[in-house]
Each structure stands twice: as structure tokens, then as C-alpha cells.
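# here's a sequence, model it:
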Amino acid sequence: MAVLKQRGLMGSSSIWLMMMIGVLLQCNFFLLVSAILDPVDFLALQSIRKSLDDMPGSNFFSTWDFTSDPCNFDGVYCDGDKVIALNLGDPRAGSPGLSGRLDPAIGKLSALAELSIVPGRIVGGLPKTIANLKDLRFLAISRNFISGGIPASWGGLRNLKTLDLSYNQLTGSIPKSVGSLPELTNVILCHNKLSGTIPAFTSRSLIRFDLKNNALSGSLSPISLPPSVQYLSLSWNRLTGPVDRLLNRLNQLNYLDLSMNQFTGTIPGRVFTYPMSNLQLQRNQFWGQLEPINQVTISRVDVSYNRLSGHISPLFSSVQNLYLNNNRFTGRVPASIVSRLLAANIEVLYLQHNYLTAIEINPTAEIPLSSSLCLQYNCMVPPVQTPCPLKAGKQKTRPTTQCNEYRG
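Have a look, this model is predicted:
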């Protein structure tokens with residue numbers, strides 16, 4: 001019996017010894033990992049991983065094995081013992097992306113300079129704790145299902161250069177504190193449900209400003225954007241008021257889309273001299289005459305569906321796609337525009353639904369197959385019959401009474 005008890009005791013000792021060895025190994029592993037990555041960052045990555053999952057077909061998290069060095073995980077980039085960049089999800093086009101929610105632990109990655117998340121089905125709100133990332137320069141959380149508002153506390157991200165929250169379901173207004181961020185170069189908040197007015201953005205290095213497809217309202221002050229802006233898109237909102245003084249300041253624009261709003265006032269002639277290829281001001285309430293300063297070299301100009309009036313300037317003859325339809329233009333169509341159309345230098349010339357009285361074109365002239373001309377519903381009988389958009393209607397000529405009333 002004594003021998004059996006001794007053997008039993010030794011068996012218990014062996015089990016205890018093995019347990020202690022296991023504990024020591026775990027402690028040594030934690031010390032090893034801690035030597036590679038800051039423990040706070042290590043625990044933050046664990047929390048982030050628990051809150052997100054691969055969508056079917058995605059294998060992004062397959063390398064996230066916390067028994068190895070997290071700095072070797074896909075999408076994790078370190079400098080010393082700190083995480084400096086976190087790119088969540090497979091960046092290849094067509095990747096299924098991730099699902100889940102954004103854990104507030106992201107805000108504990110104190111050295112993070114870059115945070116991006118690929119398109120997926122992530123829901124919930126934007127963590128307010130991101131405001132703690134004082135070194136953050138690049139933030140792109142787009143094409144998911146993020147809801148709620150943009151935290152006002154993000155106004156503390158004084159080093160942020162790119163803010164891309166596009167294609168989500170964000171609501172509420174744009175915080176004034178975000179507009180005052182001094183280093184912003186790219187603001188991309190398009191395709192959300194943002195409302196309220198647009199605050200002034202004061203960064204002198206702002207280049208791209210895209211807020212299209214929201215529910216923003218109110219007017220823009222002449223100093224709401226800096227002269228450095230090159231790309232400006234505010235289409236599909238509810239914005240009102242004049243923009244002539246603002247546009248006169250933005251002389252570096254190479255893309256401008258203010259369409260589908262309720263802007264009023266005149267369109268400054270200077271805007272047609274800017275180095276852009278696409279100018280879209282259609283479906284607003286702009287009025288007055290269009291008076292370019294020089295020959296217009298913009299390839300596409302769309303000012304349709306406004307209240308513009310006066311004669312059509314011959315300086316538009318070099319525009320390849322010219323949409324002047326559904327306005328109140330009067331007089332004759334300039335001969336220089338007609339000659340360039342017949343020479344196939346103009347692809348689209350839409351003049352329908354105006355009060356034009358004449359066009360110098362031979363009824364037997366052949367419109368190039370590569371060109372589209374629409375003249376119907378003016379104060380003249382179109383000398384040539386050309387296909388027009390269906391929404392132009394079937395009436396070829398405007399009623400005489402309307403023409404007389406407008407002239408009177």
C-alpha cells in the first residue's frame with residue numbers, strides 16, 4: 001500500500017509539474033509577444049478580430065493567429081513594437097470583404113497613422129475612440145453599411161489628410177470641428193444620408209471635395225472652401241443660393257459638378273477658363289447670360305434645365321459636348337457652332353426647349369453620324385429633322401403665343 005501511495009503521490013507531482021511547465025511556457029510566450037508588439041496593441045488587435053468576420057469567400061483573417069507575431073498578420077504593419085497601419089480586408093477587386101462591427105479598441109492603437117477597410121457588410125456606428133489616434137493621417141471606411149453620425153470629437157485628428165467615408169448610411173450633419181482640420185487634402189463623404197449645412201473647410205491644402213448624393217441643404221459662403229480645391233462635386237443635394245463668388249475663387253478647378261441642386265444667381269464667365277474637362281451645372285435655377293471670357297476649351301459643358309437667357313456665345317464652338325437645352329436662350333445659333341458640328345467636331349449639341357429663332361444650316365445638310373443635334377421646341381421650324389431624346393417631347397416648334405410673350 002505504501003508503494004502504491006508513493007506512486008500515486010509521484011503521479012500527482014508529475015501532473016503538477018507539467019501544469020507548471022505549461023504556465024511557464026504561456027508566460028514566456030506572452031513575454032516574447034510583448035517584446036515584439038506593445039501589449040496594448042496586442043489586446044486591441046484581439047478585440048478587433050473578435051468583432052469582425054470574413055464574409056463567405058474571404059480568407060483575410062486566415063493569418064491572424066495570435067500564437068504568432070501580429071506584425072506578420074495580413075493588413076497589419078508595425079514600426080518597432082507599435083501598429084502604424086491597419087488595412088482590414090483583402091484589397092483585391094471583387095473581394096467579399098468583412099462583416100461585423102468596428103470595435104472601439106481601434107482607438108487604443110496609439111501610433112496608428114493609416115486605417116482602411118475594404119468594401120463589405122460592416123454595420124454599426126463609427127467609434128468615437130478614433131479621435132484618440134493623434135497620428136492618424138489616412139482614414140478610409142467606405143462601401144459598407146456604417147450608420148449614425150460623424151463624431152464631432154474627430155475634430156481632434158489634427159494630422160488627418162484623407163477622410164473617406166463614402167458609400168455608407170451616415171446621417172446627421174458634418175461637424176464644424178471636422179471642417180477645421182488643418183491638414184485635410186481629400187474629403188470624400190459621397191453617397192450617404194448626411195443633412196444640414198456644409199461647414200467651412202479651412203485647410204489650405206484641400207484638393208478633393210466630394211459630397212454628392214446626400215441630403216445637404218443651405219447655401220455656401222464665398223469662403224466655405226479654399227482656392228486649392230481642384231475637384232468639387234456637390235451634385236444630388238438640396239443646396240441653394242448663389243455660388244458665383246465662390247466659383248471665382250476656385251481657379252484651380254479641374255472638375256466641377258453642382259448638378260441636381262437649387263443653386264441660383266449667375267454663372268461667372270471666368271469658370272469657363274478653368275483647366276477642366278467636365279463642367280456640370282445642370283438642373284439648378286441659374287439665371288442670366290452665359291458670357292465666357294475666352295474660347296471655351298472644356299470638352300463637356302452641361303448647363304441644361306436652368307433659367308439662362310440671352311444669346312448663345314460663339315465662344316462655345318470648341319466644346320465637344322454642349323448641353324444648353326431647357327433654358328431661355330434667344331436669337332440665332334452662332335454660325336461657328338454650326339460649322340464645327342457639320343465638320344464632326346461637335347459630338348452633342350442639345351438646344352431644344354429654348355426660344356431660339358434661327359440656325360444657319362442648309363436643309364439638305366447631312367449631320368455627321370458621330371454627332372447628335374436637337375433643335376425642337378424653339379421659336380423656329382427646325383430646318384433639319386434629327387433624332388432627339390424622348391424627354392424632348394413630340395412638338396417640333398414652340399407655340400407662337402409663348403414666343404411672342406417672351407419677346408414682349
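
# going by C-alpha atoms from here, please, whenever you check contacts or count neighbours.
Fine.

# in the stretch 201-350 of the chain, which spans are strands?
Using DSSP state E, counting those that start in this stretch, the strands of the stretch 201-350 of the chain run over 208-210, 215-219, 231-233, 238-242, 255-257, 262-264, 278-280, 287-289, 300-302, 307-310, 321-323, 328-333, 348-350.

# can you tell me which of the ones you listed comes nearest to Gly148?
Distance to Gly148, taken as Cα to Cα, is lowest for strand 215-219 among those, at 14.5 Å.

# need the residues that contact that closest one.
Contacts with strand 215-219, where a contact means Cα atoms under 8 Å, 6 or more residues apart in numbering, come from 193-198, 236-242.

# try it again at 10 Å.
171-174, 191-198, 234-243, 261-264 (Cα atoms under 10 Å, 6 or more residues apart in numbering).

# between it and strand 238-242, how many degrees?
20 degrees (axes from the mean of the first three to the mean of the last three Cα atoms, to 10 degrees).

# re earlier: got the strands of the stretch 201-350 of the chain as CSV, with mean neighbour count, distance to Val83 and mean pLDDT columns?
Listed next are the strands of the stretch 201-350 of the chain as CSV, based on neighbours: other Cα atoms under 10 Å; distance: least, Cα to Cα, whole Å; pLDDT from 0 to 100:
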stretch, mean neighbour count, distance to Val83, mean pLDDT
strand 208-210, 20, 28, 98
strand 215-219, 19, 37, 98
strand 231-233, 19, 32, 98
strand 238-242, 20, 41, 98
strand 255-257, 19, 37, 97
strand 262-264, 22, 46, 98
strand 278-280, 19, 41, 96
strand 287-289, 18, 54, 97
strand 300-302, 20, 46, 98
strand 307-310, 20, 56, 97
strand 321-323, 22, 50, 98
strand 328-333, 20, 60, 97
strand 348-350, 21, 53, 98
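
# which stretch among the ones you listed comes nearest Ala44?
Taking Cα to Cα, strand 208-210 is the member of those nearest to Ala44, at 32.2 Å.

# in its sheet, which strands sit next to the closest one, and in what direction?
strand 186-188 (parallel), strand 231-233 (parallel) (DSSP bridges).

# could you dump the strands of the stretch 201-350 of the chain to JSON lines with distance to Asn159?
Shown next, in JSON lines, are the strands of the stretch 201-350 of the chain (distance: least, Cα to Cα, whole Å):
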{"stretch": "strand 208-210", "distance to Asn159": "17"}
{"stretch": "strand 215-219", "distance to Asn159": "26"}
{"stretch": "strand 231-233", "distance to Asn159": "21"}
{"stretch": "strand 238-242", "distance to Asn159": "30"}
{"stretch": "strand 255-257", "distance to Asn159": "26"}
{"stretch": "strand 262-264", "distance to Asn159": "33"}
{"stretch": "strand 278-280", "distance to Asn159": "32"}
{"stretch": "strand 287-289", "distance to Asn159": "41"}
{"stretch": "strand 300-302", "distance to Asn159": "37"}
{"stretch": "strand 307-310", "distance to Asn159": "43"}
{"stretch": "strand 321-323", "distance to Asn159": "41"}
{"stretch": "strand 328-333", "distance to Asn159": "49"}
{"stretch": "strand 348-350", "distance to Asn159": "45"}
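
# and these: which comes nearest Met55?
Of all the strands of the stretch 201-350 of the chain, strand 208-210 comes closest under Cα to Cα, at 29.1 Å.

# out of the strands of the stretch 201-350 of the chain, which comes closest to Tyr77?
strand 208-210 (27.0 Å).

# quick one: average pLDDT of stretch 84-93?
The pLDDT scores in stretch 84-93 average 94.

# flag every buried residue along it.
Ile84, Ala85, Leu86, Asn87, Leu88, Gly89, Asp90, Pro91 (16 or more other Cα atoms under 10 Å).

# Arg158 versus the last one, what's the distance?
The reference is to Pro91. Pro91 sits 27 Å away from Arg158, taking Cα to Cα, to the nearest Å as the criterion.

# same thing with Tyr350?
47 Å.

# now swap in Ile117 and tell me
Ile117 is 21 Å from Arg158, by Cα to Cα.

# over to Tyr231?
In terms of Cα to Cα, Tyr231 sits 22 Å off from Arg158.

# tell me the helix or strand right after the helix or strand of the chain with the lowest mean pLDDT.
One helix or strand of the chain scores below all others by mean pLDDT, DSSP states H and E: helix 2-36, with a mean of 44. Once the chain leaves helix 2-36, the next helix or strand it forms, by DSSP states H and E, is helix 39-51.

# can you list the strands that the next helix or strand after that next one pairs with?
Once the chain leaves helix 39-51, the next helix or strand it forms, by DSSP H and E, is strand 52-54. Pairing partners of strand 52-54, with direction, according to DSSP bridges: strand 98-101 (antiparallel).

# other SSEs contacting the helix or strand hosting Leu163?
Here Leu163, judged by DSSP H and E, is contained in strand 162-164. Packing contacts for strand 162-164, counted by 3 or more Cα pairs under 10 Å, 6 or more residues apart in numbering; DSSP states H and E, involve strand 138-141, strand 186-188.
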